[in-house]
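Asks: next comes the sequence, and after it the predicted model I'd like to discuss.
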Amino acid sequence: MPARSIDRDALRYAYMDENDPISLAHPAMPQNLELWEEITCPTCFFNPSVRGFSYVEVYDPAYWMDVIALAAQPHFHPMYRMKARSSISPLDHQTIAVWVTKYQDVVPKVASGPAIAAPSVHMGFPLWFFDHDSANRIADVIFGEWGIGQ
């Protein structure tokens, strides 16, 4: 395994996992999620020539499946994967946003009326650091799934 380094491990952009059926069921999701130019400019903190964007959590289900002896994890669906600054980074192509569908079909009883059953979403990065039009499209899809703002 190559030695870890922020120079190699920093995120360049995120891309949608095109092998996952949950992600593919949402064609309005942006294919790529680019960092916002306001945070990567030459004088900005995340300038790629200096340090790059490193505010990212990586989700490695294979690691946890091995630790707790699970054979499958059918409710974990990669949404976005990261493209690292270097292709030799062990973080290149790792999952950084997921759909979690374990309770997708559970409709809770709430006092205000019928609830919506929908997958949960977990993002391993602050969405506001990315292109705002793309971030808004992601929010629209998620909120649509959850029945918010309709």
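Replies: Nice, I can see it.
Asks: only C-alpha atoms from now on, for both contacts and neighbour counts.
Replies: Will do.
Asks: which residue ranges of this structure form helices?
Replies: Secondary structure of the chain (DSSP state H): helices at 6-9, 21-24, 37-40, 61-67, 132-146.
Asks: and among those, the most buried is which?
Replies: helix 6-9 (a mean of 20; mean count of other Cα atoms under 10 Å).
Asks: can you give me the strands for the chain?
Replies: In the chain, the strands defined using DSSP state E lie at 11-16, 32-34, 76-84, 95-100, 109-110, 113-114, 120-123.
Asks: can I get these in JSON lines including distance to Pro42 and mean neighbour count?
Replies: Below are these laid out as JSON lines (distance: least, Cα to Cα, whole Å; neighbours: other Cα atoms under 10 Å):
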{"stretch": "strand 11-16", "distance to Pro42": "15", "mean neighbour count": "20"}
{"stretch": "strand 32-34", "distance to Pro42": "16", "mean neighbour count": "19"}
{"stretch": "strand 76-84", "distance to Pro42": "19", "mean neighbour count": "23"}
{"stretch": "strand 95-100", "distance to Pro42": "26", "mean neighbour count": "22"}
{"stretch": "strand 109-110", "distance to Pro42": "50", "mean neighbour count": "9"}
{"stretch": "strand 113-114", "distance to Pro42": "50", "mean neighbour count": "9"}
{"stretch": "strand 120-123", "distance to Pro42": "27", "mean neighbour count": "15"}
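Asks: make CSV out of those strands and add distance to Glu145 and mean pLDDT.
Replies: As requested, the strands of the chain are exported to CSV (distance: least, Cα to Cα, whole Å; pLDDT from 0 to 100):
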stretch, distance to Glu145, mean pLDDT
strand 11-16, 17, 95
strand 32-34, 20, 96
strand 76-84, 14, 92
strand 95-100, 11, 90
strand 109-110, 18, 76
strand 113-114, 14, 72
strand 120-123, 9, 89
